[in-house]
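Engineer: Sequence and predicted structure below; questions after.
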Amino acid sequence: MSNDWVDLRSDTITRPTQAMREAGLAAPVGDDVFGDDPTVNALQERLASELGFEQGLFVASGTQSNLLGLMAHCERGDEYLVGSEAHTYKFEGGGAAVLGSIQPQPIPQDADGTLPLGLAERAIKPKGDPHFARTRLLALENTFSGRVLPQAYVDDARALATKHELGFHLDGARLFNAAVARGVAPREVARGFDSVSICFSKGLGAPVGSMLLGSAALIERAKRWRKVVGGGWRQAGLLAAMANHAIDHHVARLADDHARAEKLANALRALPALKVEGPHTNMVFATLPADTLQDFFKHLEARRIRVFTRGPALRLVTHLDIDDAGLERAIGAFQDFYR
Ligand SMILES: Cc1ncc(COP(=O)(O)O)c(C=O)c1O
């Protein structure tokens, strides 16, 4: 890290490496609204081909990518089935409802992150009855809070979507973490979905950018909505080159983040005061004794360590900017306080 904070709040906090910055500066660019940016076009073609889709659309963020995906699948008055804890439903400002007049139907999720397919099926509205919104889409998230969805579950969800003629969307913000954890090619994780959103700006370490992948018809609709929400951008090749660099250099190394998360989880589990959950790919969750919170957070601040907290619940995320020395500092801070 260029400053001395060990920041475990999220894998979104990574800063572009020097090599990534240089890749951005060297990129040939053009006006992407005209379809003229060769670096954007190459990245879209590359990921569409590698993940098994007809086309890709490079966009500013995962929130925008999910939103465009939902709006490309659903029309005003349609409904999508989604996990009650899913990012798309809970943490994206209700964008599908605000901008697409799309009704979310949240399905309570099991502890492993899956949404029970029996519940999802029962939530599908009868067709052809004007009392009901039209259920049009099933949306999953992989990884979900770091948890990798089992492929057999995804296959069953695909079968449910097919049976009820629903679209099938994946929020794959951390799809590459799932692929690396399973030891499969990324296209295996994308398999079966009609649309997938991936993020370059999380564990892959790019500063900006996500991509929606799907059929040519779906991407055409999404592209129109991208313009409507002000997401048409011009010389975006600077960013696309950095995203491309991330795909070239930062996918395999996600295994290092997963190994560090495991080391962190094992060290915290050895402290009886803490209740530890995980690791799940690059994430570890821990609950602290409530009466220690104030003092512990002061202790972390003094050690220049940052974590994401909701009350006594912590989320710790390993990423490109956490090296072995940083991890040891974080572990030492927990040990010195709780041992
Ligand atoms: C699972 C998931 N999906 C989507 C997003 C949205 O991405 P962005 O912050 O780029 O809008 C995030 C962001 O953290 C996320 O964790």
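Structural biologist: Looks like it came in fine. Quick caveat, the model's predicted, so the values are computed rather than measured.
Engineer: Would you mind pulling the contact partners of stretch 34-53?
Structural biologist: 27-32, 54-58, 186-187, 190-191, 196, 198, 211, 213-215, 234-238, 240-241, 243-244, 247 (C-beta atoms under 8 Å, 6 or more residues apart in numbering). (Glycine included, C-beta is placed from N, CA and C.)
Engineer: Any regions of this structure where pLDDT drops low?
Structural biologist: 1-3 (pLDDT under 70).
Engineer: do that again at 50, thanks
Structural biologist: 1-2 (pLDDT under 50).
Engineer: where along it do the strands fall?
Structural biologist: In the chain, the strands defined using DSSP state E lie at 6-7, 55-59, 78-83, 103-107, 134-141, 167-172, 195-199, 210-214, 275-280, 283-287, 305-306, 308-310, 313-317.
Engineer: out of those strands, deepest packed?
Structural biologist: Mean neighbour count (mean count of other C-beta atoms under 10 Å) peaks for strand 195-199 among these, with a mean of 29.
Engineer: when you scan it, is anything in it near the ligand?
Structural biologist: Yes - Strand 195-199 is in contact with the ligand by C-beta under 6 Å from any ligand atom, via Cys199.
Engineer: Next, the buried residues of stretch 151-158.
Structural biologist: 151, 153-154, 157-158 (16 or more other C-beta atoms under 10 Å).
Engineer: Give me the distance from that stretch to the chain's centre.
Structural biologist: 19 Å (C-alpha atoms, centre = their mean, to the nearest Å).
Engineer: what comes into contact with that stretch?
Structural biologist: The list of residues contacting stretch 151-158 from outside it, by C-beta under 8 Å, 6+ apart, reads 114, 117, 120, 138, 140, 142, 168, 182, 188, 191-193.
Engineer: Compute the number of surrounding residues for the residue of the stretch 151-300 of the chain found nearest the ligand.
Structural biologist: Relative to the ligand, the nearest point of the stretch 151-300 of the chain is Ala173 (3.5 Å; C-beta to the nearest ligand atom). By other C-beta atoms under 10 Å, the residues close to Ala173 number 28.
Engineer: ok now do it, which residues does it touch?
Structural biologist: Counting by C-beta under 8 Å, 6+ apart, Ala173 has contacts 62, 87, 141, 197-199, 202, 210.
Engineer: now with 6 Å?
Structural biologist: 62, 199, 202 (C-beta atoms under 6 Å, 6 or more residues apart in numbering).
Engineer: same question, Ser210
Structural biologist: 59, 61-62, 65, 199.
Engineer: Drop anything exposed from the contacts of stretch 151-158.
Structural biologist: For the contacts of stretch 151-158, buried by 16+ other C-beta under 10 Å: 114, 117, 120, 138, 140, 142, 168, 188, 191-193.
Engineer: residues from the stretch 151-300 of the chain in reach of the ligand?
Structural biologist: 171, 173, 199, 201, 210.
Engineer: who does the first one bridge with?
Structural biologist: The residues listed as beta-bridge partners of Asp171 by DSSP bridges are Glu141, Ser197.
Engineer: before we move on, back to that, which of the contacts of stretch 34-53 fall in helices?
Structural biologist: The members of the contacts of stretch 34-53 that map onto helices under DSSP state H are 186-187, 190, 237-238, 240-241, 243-244, 247.
Engineer: before we move on, the earlier item: nearest to Arg147, out of the contacts of Ala173: which one, please.
Structural biologist: If you rank those by distance to Arg147 using C-beta to C-beta, Lys202 comes first, at 15.1 Å.
Engineer: out of everything not next to it in sequence, what's closest to that closest one?
Structural biologist: The shortest distance from Lys202 to any non-neighbouring residue, by C-beta to C-beta, 6 or more residues apart in numbering, is to Asp11 (4.7 Å).
Engineer: Hmm, His319 and the one you found touching each other?
Structural biologist: Yes - look at Asp11 against His319 with C-beta atoms under 6 Å: they come within range, at 3.8 Å.
Engineer: Please say which of the two ends up with more neighbours.
Structural biologist: Higher neighbour count among Asp11 and His319: Asp11, with 27 against 24, using other C-beta under 10 Å.
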